[in-house]
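A.B. asks: got a predicted structure plus its sequence, pasted below:
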Number of protein chains: 2
Amino acid sequence: MAASAPVPKRIYTGAFVHSTSLTELEICEKGAIGVDSNGVIQFVERDISGIDDVRSKYEWKDAEVITVKGNGFFFPGFIDTHTHAPQHPNTGLFGKTTLLDWLQTYTFPMESSMSALPRARQVYTSFVSRTLSHGTTTCAYYATIHVPATNLLADICLAKGQRALVGRVCMNSDLSPDYYRDASVEDAIRDSKASLEYIRSIDPAGKIVNPIITPRFAPSCTSDCLAELGKFAKETQAHIQTHISENKGEIELVAEMFPESKSYADVYDRAGLLTEKMILAHAVHLTDEERKLIKERGAKISHCPASNTAITSGCAPIREMLMEGQTIGLGTDVSGGFSPSILENCRQAIWVSRHRAMEKGDDVKLSTSEALYLATRGGAKVVGMEDKVGGFEVGKEWDAQMIEMESVQENEEGEVDGPVDFFGWESWEERIEKWVYGGDDRNTVAVWVRGRLVHSTGRYKS
Amino acid sequence: MAASAPVPKRIYTGAFVHSTSLTELEICEKGAIGVDSNGVIQFVERDISGIDDVRSKYEWKDAEVITVKGNGFFFPGFIDTHTHAPQHPNTGLFGKTTLLDWLQTYTFPMESSMSALPRARQVYTSFVSRTLSHGTTTCAYYATIHVPATNLLADICLAKGQRALVGRVCMNSDLSPDYYRDASVEDAIRDSKASLEYIRSIDPAGKIVNPIITPRFAPSCTSDCLAELGKFAKETQAHIQTHISENKGEIELVAEMFPESKSYADVYDRAGLLTEKMILAHAVHLTDEERKLIKERGAKISHCPASNTAITSGCAPIREMLMEGQTIGLGTDVSGGFSPSILENCRQAIWVSRHRAMEKGDDVKLSTSEALYLATRGGAKVVGMEDKVGGFEVGKEWDAQMIEMESVQENEEGEVDGPVDFFGWESWEERIEKWVYGGDDRNTVAVWVRGRLVHSTGRYKS
């Protein structure tokens, strides 16, 4: 399989940057990271005098060397903990809707059209390319209810080499329209099983793609469906993803539909779904009791700030949830979210924290470092891959992006080939800030997953 | 002068889009706009059958024809009603600061360094190129206190052909550090006069560049300085720009420093500065009384949403101010704002309105069309150029951008050379939404001011 085939032994030299804790970024200017033919980091050198010394020290004389240029640095690949591949063509289309009317107006019609495989192929090929181009090396995808299209998404991720959790969506309640829902609990389970088995068959060791059990969200499933999915999750030990407490109307609807449950979180808990394998997207309006329950169960939270702002869902209390020890990553939530970029969602997480700070004071602000932590280490924990990805340590796999920024000195007319203007006097901390607040996919000139080059731009090739 | 030299007579054909009112966009699929050698629109055709018919009808047989491709359209150039050219190198650098500490930490040190002309030349050349590349055809610039550097900024705008208001900053109070302020009221007025006269000398008819009187903001000026600037504005009939009511700490400071004034707006009014020539940046926390006064005086408002979010200033009540008849445009406010793009500020204006809607309900939301109106027609009114720019009508000047978007069909791998994925089934309204929510400078493939091509990308040249 191409995505897990051996890669050339390589040494990546130059600056690298990664989070070492929620608040701290390590910036290493003269680094050298050795990655073996399995894509695993074998050494991390922090102050090299020259590449020959490194080659000798590790007896890696035949390794290829990849060097990042002047203003650039290696950064861990981003982890998108929540997005919807079939909604990609709707990116930017939401008008003034909020969740429940947005679903009916934009989302269900588009998702149902993925029953046609040629359309699904075009949309998924485009979306996986797009997320890779933004440096997303791991992505938790919602697909649709359609087994063939869901399996195709897994095939595409595997072929392109993007680490992915791919979920066939379960939705059997009559919130969903007749033309787009599971006909019965049995159908929902049978199809989820078929997709799970297929995905496990194409990547038996789960090195690149893995299935994820995906009840859309409580209102689109009946209690018995959720309970069956809970059993299925236990049997298969698969990951699980859903939405929670995104929008106030949705929360009222859940209270009406599940009168026996104490809370929205309790709906999932009763079904046996609220486990450490669960990724809960949004978590905007949770009660203290729900947060306590989520933490006890070890479930994870995907913060989707662009989406929460665009469709006016609310501002998730990320600072407070971090302080109480919740595990949190970022999600683009396309197409509630208007951007497939985790870098954009770092900014959006910071803006949401600023809007909260206008009311609650400076303590709730997120720093640049904290947003980058959520985008990498935090996301790795959310998808249960913190031992493999999210930072640069021996034993981890080389999921990385090469960031480059041109300097204005290169052109007298003041025009540079990228979104950020560098003047050359910036400190390393300032370079990173400029990338986070002004950068985009043009700065992500190359992307690797498990040591395999999965995306590059003309600038990298040159 | 190159910027006002005759241009070839041209017919721009294909789709064009512009605002016809706050809420309405006109989308014309088969347009043809004739622009004469002075850059003035001579005809606007809305449903052409072929270019030859247009040539014949207007006897424009020798005109060049410029055609926008498939998914693309012509759009009016953006108008940036408030930004700071010398702060460009600080774009993205603000940390967790708010206005008053941000000024001392980041802004004053950077601005003071523009005393060195080589540095100013590099920064201003880069920034004018940058704003042009984002489709900004008119820009109201703050420079610094330095006359030579301010004049250089005007020279650069004129040479590059960007319509600009260029302001030498006045700041004589001890809020500003010793190393960067006017030594006296006399110095402030003398230097402002010198710069105003220079700018009027290089473009006597004011076709491209015009001076703008620029008291930084009330706290950095003494009352007598403001009063002298008021007289100077009356004598010269020049535009005026300043900041108002951006941050709560700033408002308290104004109340302390100007105890004789009834309000922040009244400080400017007493000085004779609150006129229809005045551009007031921010206007986040104005009282009802201040808004009434501003409206009575006919002063204009520059909404700077990216800045107001980034440095946690607050959310300006744009819906309410529009409803009461205020004149409002958008400002990037670099580097309080983290982006030189008015398109990004359209999005940010929409996000700010969404955050307000979370508390106040859906009525305060801005639509895509409304944001685009603020970016063009609204901005034109703010800078007093509504008869010249902001839309496509006979008699207006051709300040326009060509927007293009590649289709995913063009590449089987799903990779497109731009930020937006088009599938070909989108309606015209959806194309525009996709551009607004996902587009960037890559989609702005060519930019004209008064009919002169002032920016283009490789895609346009190809």
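C.D. replies: That came through fine. Numbering: from 1, shown residues only, chains lettered A, B, ... in the order given.
A.B. asks: which bits of the stretch 51-200 of chain A sit near chain B?
C.D. replies: Proximity of the stretch 51-200 of chain A to chain B (CB under 8 Å from any CB of the partner chain) is limited to residues A:88-89, A:91-93, A:95-96, A:122-123, A:125-130, A:133. C-beta coordinates here come from the backbone N, C-alpha and C atoms, glycine included.
A.B. asks: farthest-separated two in these?
C.D. replies: Within those, two members stand farthest from each other by CB to CB: A:K96 and A:T125, at 31.3 Å.
A.B. asks: the two: which is more packed in?
C.D. replies: Using other CB atoms under 10 Å in any protein chain shown, the more surrounded residue of A:K96 and A:T125 is A:T125, with 21 against 17.
A.B. asks: before we move on, what SS does that one have?
C.D. replies: Three-state call for A:T125 (DSSP: H, G, I helix; E, B strand; the rest coil): helix.
A.B. asks: these two touch, right, A:K69 and A:I403?
C.D. replies: No: using CB atoms under 8 Å, A:K69 is not in contact with A:I403; the gap is 10.2 Å.
A.B. asks: which of these two has more neighbours?
C.D. replies: Neighbour count, other CB under 10 Å: between A:K69 and A:I403, A:I403 has more, with 24 against 15.
A.B. asks: and the particular helix or strand that has A:Y437 in it, what does it pack onto?
C.D. replies: In the assignment (DSSP states H and E), A:Y437 maps to helix A:428-438. Contact analysis of helix A:428-438 by 3 or more CB pairs under 8 Å, 6 or more residues apart in numbering or on different chains; DSSP states H and E lists strand A:10-19, strand A:25-35, helix A:342-360, helix A:368-373 as its packing neighbours.
A.B. asks: report the rounded mean pLDDT for that helix.
C.D. replies: In this model, helix A:428-438 has a mean pLDDT of 96.
A.B. asks: next one: stretch A:173-190
C.D. replies: 96.
A.B. asks: on that earlier part again, what's next to the helix holding A:Y437, contact-wise?
C.D. replies: A:15, A:17, A:25, A:27, A:29, A:71, A:73, A:343, A:346-347, A:368, A:371-372, A:403, A:405, A:419-422, A:426, A:443, B:91-93, B:95, B:310, B:338-339 (CB atoms under 8 Å, 6 or more residues apart in numbering or on different chains).
A.B. asks: if we go to 6 Å?
C.D. replies: A:I27, A:C346, A:T368, A:I403, A:P419, A:V420, B:T91, B:G92, B:L93, B:F338 (CB atoms under 6 Å, 6 or more residues apart in numbering or on different chains).
A.B. asks: the first one against A:S19, yeah?
C.D. replies: It stands for A:I27. No: assessed by CB atoms under 6 Å, A:I27 is found out of contact with A:S19, at 10.9 Å.
A.B. asks: in the stretch 51-200 of chain A, what residue lies closest to chain B?
C.D. replies: Minimum separation of the stretch 51-200 of chain A from chain B (CB to the nearest CB) falls at A:G92, amounting to 3.3 Å.
A.B. asks: state the distance from that residue to B:Y12.
C.D. replies: Noted for A:G92: a distance of 26 Å to B:Y12, by CB to CB, to the nearest Å.
A.B. asks: returning to what we had before: pull out the buried positions in the helix holding A:Y437.
C.D. replies: A:E430, A:R431, A:I432, A:E433, A:K434, A:W435, A:V436, A:Y437, A:G438 (16 or more other CB atoms under 10 Å in any protein chain shown).
A.B. asks: just put the contacts of helix A:428-438 in TSV and tack on pLDDT.
C.D. replies: TSV is the format used below for the contacts of helix A:428-438 (pLDDT from 0 to 100):
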residue	pLDDT
A:I27	97
A:C346	98
A:T368	98
A:I403	97
A:P419	94
A:V420	93
B:T91	96
B:G92	95
B:L93	94
B:F338	97
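A.B. asks: out of those, who's the most crowded?
C.D. replies: B:F338 leads the contacts of helix A:428-438 on contacts (other CB under 10 Å) with 29 neighbours.
A.B. asks: grab the nearest non-local neighbour of it.
C.D. replies: Distances taken as CB to CB, 6 or more residues apart in numbering or on different chains put A:Y437 closest to B:F338, at 4.3 Å, once the chain neighbours are dropped.
A.B. asks: cool, A:P76 as well?
C.D. replies: A:T376 (4.4 Å).
A.B. asks: look at the closest residue to A:D155 other than its chain neighbours and report its pLDDT.
C.D. replies: Nearest non-adjacent residue to A:D155, counting by CB to CB, 6+ apart: A:I202, 6.7 Å away. Per-residue confidence (pLDDT) for A:I202: 98.
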